[in-house]
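[1] What would the 3D arrangement of this be:
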Amino acid sequence: MSPFPQLPPNAFAREDDGDDADFYAQARLKTHIDEAAIAALTGFYRRALPAGGALLDLMSSWVSHLPPEVTYGEVIGHGMNAQELAANPRLSRWFLQDLNRAPRLDLAEASLDAAMICVGVQYLQQPLAVLSEVARVLRPAAPLVVSYSNRCFPTKAVAIWRGVGPEGHARLIELYLEGAGFVGIEVHRLMDGHASDPLTVVMGRAPGPAW
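    Numbers count the residues shown, from 1 in each chain. Purely as a prediction, here's the structure:
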């Protein structure tokens with residue numbers, strides 16, 4: 001049975017269902033949103049992510065868009081390309097993992113102070129399993145910041161993402177977060193797309209006594 005029965009059949013199908021390891025084998029050392037959108041996201045991170053905390057940068061690359069003047073206790077990176085992750089100066093350590101095949105995270109329960117997914121949520125075929133794992137490894141009330149724009153690799157994005165518009169994207173992520181147990185979910189429109197790439201953040205907090 002689908003974890004999201006309200007979604008249509010084959011919601012998480014993709015045009016290209018080939019091995020993701022092959023698709024991401026070539027390093028892409030470029031940004032996927034423009035400078036103004038990056039600045040807006042960095043500003044949001046500055047407000048939302050706790051200085052000195054342990055962070056998980058899920059579906060990361062060679063940049064994390066973290067505020068350069070803020071020091072974090074640890075930044076753990078995850079991705080699909082070793083060259084990209086090795087080039088990211090903000091990562092304390094990193095690991096490779098295909099979340100569509102193996103959503104379980106090898107991280108301790110309630111060990112992290114925040115997590116981020118930057119312009120990558122559209123590729124998750126098991127979003128409930130992955131985000132439930134993120135909720136597990138976050139401390140109570142710790143934020144998960146999910147950002148998206150209008151760019152993606154369309155053949156790797158799931159069908160439901162391709163089938164709904166920007167407003168639908170925000171609601172879809174809310175649905176994911178609610179299903180995974182996140183609370184206090186907020187939608188923030190950081191850039192409207194007129195002067196730069198559009199950018200929206202959907203943020204939820206891990207459940208627990210602190211909330």
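[2] Next, residue 186: secondary structure please.
    The local conformation at residue 186, judged by DSSP: H, G, I helix; E, B strand; the rest coil, is strand.
[3] repeat for the one 3 residues further on
    At residue 189, secondary structure determined by three-state DSSP is strand.
[4] Setting aside sequence neighbours, what's the nearest residue to it?
    residue 200 (5.4 Å; Cβ to Cβ, 6 or more residues apart in numbering). (C-beta placed from N, C-alpha, C; glycine too.)
[5] Which neighbours in the sheet does the helix or strand hosting that neighbour have, and how are they oriented?
    Residue 200 is part of strand 199-205, with elements assigned from DSSP states H and E. Here strand 199-205 has these sheet partners by DSSP bridges: strand 143-148 (antiparallel), strand 183-191 (antiparallel).
[6] which residues in the protein form strands?
    Here the chain has its strands, by DSSP state E, at 54-58, 74-79, 93-96, 114-118, 143-148, 183-191, 199-205.
[7] worst-scoring helix or strand of the chain, pLDDT-wise?
    None of the helices or strands of the chain scores lower by mean pLDDT, DSSP states H and E than helix 20-23, at a mean of 88.
[8] Can you list the low-confidence ranges for the protein?
    Residue ranges of the chain with pLDDT under 70: 1, 29, 210-211.
[9] what about 90?
    The chain contains residues with pLDDT under 90 at 1-6, 8-9, 20-21, 23-32, 151-153, 165-167, 193, 195, 208-211.
[10] how about the helices of it, start to end?
    All helices of the chain, identified by DSSP state H, fall at 20-23, 35-48, 82-86, 127-137, 159-163, 166-179.
[11] now the ones you listed in CSV, with distance to residue 208 and mean neighbour count?
    Below are the helices of the chain laid out as CSV (distance: least, Cβ to Cβ, whole Å; neighbours: other Cβ atoms under 10 Å):
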stretch, distance to residue 208, mean neighbour count
helix 20-23, 32, 14
helix 35-48, 18, 17
helix 82-86, 30, 16
helix 127-137, 9, 22
helix 159-163, 29, 17
helix 166-179, 15, 18
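[12] So which of those is nearest residue 66?
    Proximity to residue 66, assessed across these by Cβ to Cβ, is greatest for helix 35-48 (5.7 Å).
[13] How far off centre is the closest one?
    Distance of helix 35-48 from the chain centroid (Cα atoms, centre = their mean, to the nearest Å) equals 15 Å.
[14] what's it packed up against?
    Applying 3 or more Cβ pairs under 8 Å, 6 or more residues apart in numbering; DSSP states H and E, we find helix 35-48 packed against strand 114-118, strand 143-148, strand 183-191, strand 199-205.
[15] List the contacts of it.
    Here helix 35-48 makes contact (Cβ atoms under 8 Å, 6 or more residues apart in numbering) with 31, 33, 65-67, 70, 114, 116, 118, 143, 145, 147, 149, 188, 190-191, 195-199, 201, 203.
[16] ok, of the residues you listed, which come out buried?
    Among the contacts of helix 35-48, the ones that count as buried by 16 or more other Cβ atoms under 10 Å are 31, 33, 65-66, 114, 116, 118, 143, 145, 147, 149, 188, 190-191, 196-199, 201, 203.
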